[in-house]
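[1] Just need the structure, nothing else, for what follows:
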Amino acid sequence: MGTKQLPEVVRKFLRWTLKSNLATKEEEGGETRLKIHKTTKITIFFGIVVGIASVILLAPTKGFAGGRGPITIGVEQGPLLALMMIAEDQGFFSKQGVDVTIKYYTTGKLALHGMFAGEVDLATPAETTFVFSSFERGDFSIVATIGSSDNDQVIIARKDRGIRIAEELRGKGISASRTAAGHFFLHCFLIKNGLSEKDIKLSFKHPDELIPALSKGEIDAFSAMTVFSKKAKTLLGDNIIVFEEPGLYLKTYNLVAFNTFIKDRSQVVKSILQALTKSEEFAKKYPEHAQRIVSKKTGLTKSEIAGFWPNLRYGVSLEQSLLTSLENEARWAIRNKLTDRKKIPNYLNFIYLDALEAVKPKGVTLIR
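    Okay, here's the model as predicted:
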């Protein structure tokens, strides 16, 4: 093929090689051909390699970390999920190369059920919900704890039912959301105050039913998250009393995914954890700004969030205390016949450490 038959861009390149003494003309069969020197071939080859590498390295990172489409995370719309809210607000997920959408639920339990139903890719349940789901299936794991508090659960009671101290809960009608954190906290609270479930009239209700039932006088008290106290006070005013027990029960919220998702999109999991560590740093450096974000996302006032803030622990971790909590709550569930299972699962098989060990090794204190 003669040079006239070549594309213009190629002819320009060949003319450049002649000018640069990288090639010489040769006549053969009446046609002019170019002979590219051997050293030039090597130079061109390495030039192509460098060019391709530059394109790859300089290409935008969005969508690269695990790829294959956007991710949806089911999140409870409560203050303890602040790291998720901050990451969403500040764009930390996209900065780590993942396209994340947050789908908010009223409880972490509903978020986990949403994951099982295929509504979301990951969820953020409390450890109690995780325990009861682990009795039914073993195809999902915790990849990190992202929020915790030892003063997030309370007992809210009506004063006009003769309740001023914990002992006066004896014989009263008390509700909780079955197999949720409030249920376990009620158990712990009763024991600490010399009572048991047999000493009360225990009933179970959906979280959305607790405040209306208390307001109507259908129950005397209920066990739930601290945020419920404000709503109850709005309806009942000074007729409510709130029992707190700081340090009695450590509630954790955990990032959970199917094992197949963790295996197939391990880089995505790491990128999400990296984004959450950025949220952790942001919350520590700019606490007031972080509180404004949480206030906007939860609908709670800034003063309410500021009041909760000292009791909330924001950090990405996998601690030994998580394993202890899972085992203790499983033991409680079995003993109280809240499950048909007779044996505590091996929760080491339900915790995936590799991602957090790669992202934040100091956050992993769980002993294998």
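[2] tell me which element V143 is part of?
    Following DSSP states H and E, one finds V143 within strand 140-149.
[3] That strand - contacts with which helices or strands?
    Applying 3 or more CB pairs under 8 Å, 6 or more residues apart in numbering; DSSP states H and E, we find strand 140-149 packed against helix 82-90, strand 251-258, helix 259-264, helix 266-285, helix 354-359. Using the backbone N, CA and C atoms, a C-beta is placed for each residue, glycine as well.
[4] could I get these as TSV with mean neighbour count and mean pLDDT?
    Output for the helices and strands packed on strand 140-149, formatted as TSV (neighbours: other CB atoms under 10 Å; pLDDT from 0 to 100):
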stretch	mean neighbour count	mean pLDDT
helix 82-90	24	98
strand 251-258	25	98
helix 259-264	15	98
helix 266-285	21	98
helix 354-359	19	98
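[5] how about CSV for those, with distance to I211 added?
    Output for the helices and strands packed on strand 140-149, formatted as CSV (distance: least, CB to CB, whole Å):
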stretch, distance to I211
helix 82-90, 23
strand 251-258, 20
helix 259-264, 36
helix 266-285, 29
helix 354-359, 37
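[6] To S133, which of the ones you listed lies closest?
    Nearest to S133, of all those, is strand 251-258, at 8.8 Å by CB to CB.
[7] So which residue is dead centre in the protein?
    Centroid-nearest residue in the chain: L255, 3.6 Å away (criterion: CA atoms, centre = their mean).
[8] Hmm, that residue is touching G147, no?
    No. Between L255 and G147 there is no contact under CB atoms under 8 Å: 9.7 Å.
[9] Name the residues that touch the strand holding V143?
    Outside strand 140-149, the residues that touch it by CB atoms under 8 Å, 6 or more residues apart in numbering are 80-84, 115, 124, 130, 133, 250-259, 262, 269, 273, 276, 311-319, 322, 350-352, 355-356, 363.
[10] same thing with stretch 213-232?
    Here stretch 213-232 makes contact (CB under 8 Å, 6+ apart) with 78-79, 151-158, 161, 163, 169, 172-177, 181-183, 185-186, 189, 203, 205, 207, 210-211, 235-236, 240, 242, 244, 298, 300, 304, 308, 311.
[11] Please apply the same query to stretch 314-331.
    Against stretch 314-331 from outside (CB under 8 Å, 6+ apart): 82-83, 127-128, 130-131, 134-135, 142, 144-148, 184, 250, 252, 254, 273, 276-277, 279-280, 283-284, 344-345, 347-348, 350-351, 353, 356, 359-360, 363-367.
[12] Check the offset of it from the chain's centre.
    15 Å (CA atoms, centre = their mean, to the nearest Å).
[13] Cool, thanks, signing off.
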